[in-house]
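Enquirer: Starting from these lines, generate the structure:
(8 chains)
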There are 8 protein chains.
Amino acid sequence: MELMVYLAGQIHDDWREQLKSKAAEKKLPLTFVAPQTNHERSDNIGEDILGKQPGNMYRDDAASAINNFRTEVMMQKADIVIALFGENYKQWNTAMDASTAITMNKPTIIVRPDSLVHPLKELSNKANVTVETIDQALKVLDYLYD
Amino acid sequence: MELMVYLAGQIHDDWREQLKSKAAEKKLPLTFVAPQTNHERSDNIGEDILGKQPGNMYRDDAASAINNFRTEVMMQKADIVIALFGENYKQWNTAMDASTAITMNKPTIIVRPDSLVHPLKELSNKANVTVETIDQALKVLDYLYD
Amino acid sequence: MELMVYLAGQIHDDWREQLKSKAAEKKLPLTFVAPQTNHERSDNIGEDILGKQPGNMYRDDAASAINNFRTEVMMQKADIVIALFGENYKQWNTAMDASTAITMNKPTIIVRPDSLVHPLKELSNKANVTVETIDQALKVLDYLYD
Amino acid sequence: MELMVYLAGQIHDDWREQLKSKAAEKKLPLTFVAPQTNHERSDNIGEDILGKQPGNMYRDDAASAINNFRTEVMMQKADIVIALFGENYKQWNTAMDASTAITMNKPTIIVRPDSLVHPLKELSNKANVTVETIDQALKVLDYLYD
Amino acid sequence: MELMVYLAGQIHDDWREQLKSKAAEKKLPLTFVAPQTNHERSDNIGEDILGKQPGNMYRDDAASAINNFRTEVMMQKADIVIALFGENYKQWNTAMDASTAITMNKPTIIVRPDSLVHPLKELSNKANVTVETIDQALKVLDYLYD
Amino acid sequence: MELMVYLAGQIHDDWREQLKSKAAEKKLPLTFVAPQTNHERSDNIGEDILGKQPGNMYRDDAASAINNFRTEVMMQKADIVIALFGENYKQWNTAMDASTAITMNKPTIIVRPDSLVHPLKELSNKANVTVETIDQALKVLDYLYD
Amino acid sequence: MELMVYLAGQIHDDWREQLKSKAAEKKLPLTFVAPQTNHERSDNIGEDILGKQPGNMYRDDAASAINNFRTEVMMQKADIVIALFGENYKQWNTAMDASTAITMNKPTIIVRPDSLVHPLKELSNKANVTVETIDQALKVLDYLYD
Amino acid sequence: MELMVYLAGQIHDDWREQLKSKAAEKKLPLTFVAPQTNHERSDNIGEDILGKQPGNMYRDDAASAINNFRTEVMMQKADIVIALFGENYKQWNTAMDASTAITMNKPTIIVRPDSLVHPLKELSNKANVTVETIDQALKVLDYLYD
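Expert: Sure thing, here's the model as predicted:
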């Protein structure tokens, strides 16, 4: 049973690479897709394609249209969504992707540190599984083939 | 055309009451529903109903189950969702509710201050309309009957 | 916000009447619907309408077709489902109705005694809220109007 | 026409292995997936991944979240669901999985002994086909390629 | 619980009027809708509205477009569908309407004489309930309020 | 059977008023909703609510967001959609609304002059009914109550 | 673009084999699936698997459950449905399959002789394309690769 | 991640070939499908298959049925839709296809010249991304693999 996993969430460390290499070690038949993780590229993609916009709000809207296109394509192909929240930033995209996935009935795992239990309590309750570390998330994936 | 509007978002000022009274002044045929806006009540509802839980994470999970039940009932009845983001707090529930609404094809208006344009750019792009003030949100509702 | 509540579950005591009268006391704007609670009538309905069947399996199938018709009509109209498990009997209809409701995205409350925590753990985990008593279930309903 | 079959139901004998080996003998192009059939592993998986929980109900809830995640992934990939009821235990998971499958429009076969005709009558009536033995279930699968 | 019932099926006797008057006697809170039962009007409606067509096939297609529009509006509003097959004619519209209703998850009752058991066996098997007389169909409706 | 009808299409004559007054004469139990028919108001609504935009494309996008919000609310409430094409202008909104309605399974009537048969042939073929005049459209509505 | 085609319809001549061999000649990348075309096998399948039933109606119901299971599996995998009506028999299964396919948004071609234009007019109007011969149906399939 | 892209839109230049060859140069794992781009063939296909029709409207309807069948098959297989509007013609098919795609939740890119900003503003606002050139559309596709 081959599965595609969409890795939503923060883009400020290499958690996706860690998860992928651990899954590869275990030879799990998983393919991973993800949002643009180069922050600058993600913020610039609107003007990179559509040209200079007349202000920050328009620049942000142009970039987000293309980022949302990418996420929508990948989310629809994915069998599973993992959403990781870090300790910094607003991370509303992560909440948006997790909530979209849950509403689309995509089986969803949330990864969040203990410090975020309270502000994420409603979203955690709606997700299938909530864990604290990527090792735990990997164990949940591994359990599919157990 | 009578419509029900779900008012997602922050619960730290009286924006819902302002919006409702302005809609009443204009005699718009709208009914408004909302999450529990008493913060303490919202946090305690799990233990209020299910009894003492063995730690904060369990207390939070019990409360969130009942809050999510309430939101799901109301969201399914609603014709329109308005989600207001304030300047403070994580507000992941607001992002969750807005994203759920959009994925359920509920016509959705986001209200957010100028300072939040950048972190909310992807969610704004997916919503039907994004405005900065509740007066603007009311004008969008009013336009339905124009 | 008027809501219709389908009361799935065991038919061997008057829990539905208790719940209804308590909801009436609180003047909650709820309408309740339920499966046939007269056990004999429920078992006989196939032969009552279609005539004598050639054996128990056929008699059961005839009755269940009409009971399922009734449940399907009511479940589709309902905004909320409450499913109560008692301590006796197989109660697979209750599990079936609760699972159908959850899969149809009907907000669902399970009521079950402490003794059934283990065998109902997967279904409880999928329901929105699980409680032990009808008083607790009523408090969850009441919270919708709080 | 390659098909994936999810084998819901009791985990107290080797019925899945019997079915798989008979299907292999007939060279049917079927892939089988199933819930965790090691009962102890299934009950412990929550604490195995998330650590010690503060009581049985919390331990059960942690395990069921991960078991439900597994089932949801597999059920969504499956083309067909077979749900087998044995003579012992509550087997509410089996009823839950069969009912979920039927509501998701997954073609569903129920296998149950004659002694369970009455308590399973409504669920049988909703399933596509109900049989008594795994040999009969296999014949139904075989008929797809007849 | 007020319900709307769509009465599909043959238009060559007054079975709809019989059913309606019996339901009225029992004061069931049901509203009935139906296809055009004036056969000539039904066949002519295309040319009545669109003008003379260049041959029978075009005349039939024009009529059927408007008849299908009518059925689709009514079927979507209906909570229940009853489809009656008589002994004469092809009655493919009745089979079409019953099959559409079942696929749309509308609870469906088929009424057919004993002589049609064999040719209708697959459709009967998919419907919720199959009976032989309109009195039996009425009893199934009555059971909803029992 | 009360029904809501969304009147999509050109806004350069009073066809909606004609249709409504003729339906009122016949006492059909229909409610009509429509897009903003004041062309200038429709083009300005973005800047009216959100303030001056930095160029025509941004002004148009702001207006269209609010017009699309209005259409989406109304379309979801509507039981029937009528889309009228006139002889002038691009009328891509009309094509968009008709196509959206058809994809949402809203029973849809297209009204178009003979001169537009060829360019509208694919859309006409997907609609339930295509007529040339509003009198014909009214006859189709009237037939629902015949 | 590889596609799977479900061939619904009468089983009294070799039209399916003709269609398949013509498609093979043209090297179209199509896979064909179909109901059981051995009439006797189709009528006996219930008793073949479940054993002797207590009368014709029960025998028919047992067979139809298994035939419907087969059709449902195949229909859900199919990208296209072709339904052929011959001049004899009631053929309600063909009407049922075509109507199910159309309601499931499966692109559907009806093949019927000129003599059946009138009784099939509503179903023809709902199908994507209606033709008279299997050569014409093949041309429609061929056009996909044109 | 292999993806299928449906290329809706005008058929009066070779924009599809340009896009395909540029995608091939970049070795993007994309498959492209499209409507019939031979205008004459597209207009004649009804009579080519069904024979001479009794007038232009009937000829157009016959052709459009087969063109719509083709589009529906392809659109359902596609992961992404690109719709290109040129400066000439009504192009209602392009608007229809784009609107269908958006309503089906297919991620959609609109390509249109600056001169069409105003008449396409509502459709642009509903699409995921709107660009002016096929090079820009290609960059959006390329970003999926970035």
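Enquirer: if you go through chain A in chain order, where are the strands?
Expert: A:3-9, A:30-33, A:80-84, A:108-111, A:129-131 (DSSP state E).
Enquirer: of the ones you listed, which approaches G:V131 most closely?
Expert: With Cβ to Cβ, the closest approach to G:V131 among those belongs to strand A:3-9: 39.3 Å. Placement of C-beta: from N, CA and C, glycine included.
Enquirer: tell me the angle the closest one makes with strand A:80-84.
Expert: Per axes from the mean of the first three to the mean of the last three Cα atoms, to 10 degrees, the angle that strand A:3-9 makes with strand A:80-84 is 20 degrees.
Enquirer: coming back round to it: redo the strands of chain A as a markdown table? Include mean neighbour count, mean pLDDT and distance to F:T103.
Expert: Listed next are these as a markdown table, based on neighbours: other Cβ atoms under 10 Å in any protein chain shown; pLDDT from 0 to 100; distance: least, Cβ to Cβ, whole Å:
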| stretch | mean neighbour count | mean pLDDT | distance to F:T103 |
| --- | --- | --- | --- |
| strand A:3-9 | 23 | 98 | 26 |
| strand A:30-33 | 19 | 98 | 27 |
| strand A:80-84 | 27 | 98 | 26 |
| strand A:108-111 | 28 | 98 | 28 |
| strand A:129-131 | 25 | 98 | 35 |
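Enquirer: Redo these as TSV? Include distance to chain H.
Expert: Putting these into TSV (distance: least, Cβ to the nearest Cβ, whole Å) gives the following:
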stretch	distance to chain H
strand A:3-9	8
strand A:30-33	6
strand A:80-84	15
strand A:108-111	18
strand A:129-131	25
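Enquirer: could you dump these to JSON lines with distance to H:D135?
Expert: Listed next are the strands of chain A as JSON lines, based on distance: least, Cβ to Cβ, whole Å:
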{"stretch": "strand A:3-9", "distance to H:D135": "28"}
{"stretch": "strand A:30-33", "distance to H:D135": "25"}
{"stretch": "strand A:80-84", "distance to H:D135": "32"}
{"stretch": "strand A:108-111", "distance to H:D135": "37"}
{"stretch": "strand A:129-131", "distance to H:D135": "43"}
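Enquirer: So for chain G, which of those sits nearest?
Expert: Closest to chain G of the strands of chain A is strand A:3-9 (Cβ to the nearest Cβ; 19.6 Å).
Enquirer: what lines up beside that closest one in the sheet?
Expert: Using DSSP bridges, the strands paired with strand A:3-9 in its sheet are strand A:30-33 (parallel), strand A:80-84 (parallel).
Enquirer: Pull the distance from the first one to the chain's centre.
Expert: By that I understand strand A:30-33. A distance of 12 Å separates the centroid of the chain from that of strand A:30-33, by Cα atoms, centre = their mean, to the nearest Å.
Enquirer: I'd like to know how far the residue sitting furthest away from the middle of chain A sits from F:G55.
Expert: Relative to the mean C-alpha coordinate of chain A, counting by Cα atoms, centre = their mean, the farthest residue is A:P54 (29.9 Å). Applying Cβ to Cβ, to the nearest Å, the value for A:P54 to F:G55 is 6 Å.
Enquirer: Which single residue of chain A approaches chain H most closely?
Expert: For chain A, Cβ to the nearest Cβ, closest residue to chain H: A:F69, 4.2 Å.
Enquirer: and that residue, what does it touch?
Expert: Shown in contact with A:F69 (Cβ atoms under 8 Å, 6 or more residues apart in numbering or on different chains): H:107, H:109, H:128-129, H:140.
Enquirer: Skip the chain neighbours and tell me the closest residue to it.
Expert: H:N128 (4.2 Å; Cβ to Cβ, 6 or more residues apart in numbering or on different chains).
Enquirer: Mind checking the pLDDT average for the lengthiest helix in chain A?
Expert: Identified as the longest helix of chain A according to DSSP state H is helix A:56-77. Here helix A:56-77 scores 98 as its mean pLDDT.
Enquirer: For that helix, buried residues please.
Expert: By neighbour count on 16 or more other Cβ atoms under 10 Å in any protein chain shown, the buried set for helix A:56-77 is A:57-75.
Enquirer: and of the contacts of A:F69, the nearest to chain B?
Expert: H:N128 (8.9 Å).
Enquirer: So for that closest one, what's the pLDDT?
Expert: Looking at H:N128, the pLDDT reads 98.
Enquirer: what do you get for the one 5 residues further on?
Expert: pLDDT for H:T133: 98.
Enquirer: The one 4 residues further on too?
Expert: Confidence per residue is given as pLDDT, and for H:A137 that number is 98.
Enquirer: what's the answer for the one 4 residues further on, then?
Expert: Confidence at H:L141, expressed as pLDDT, is 98.
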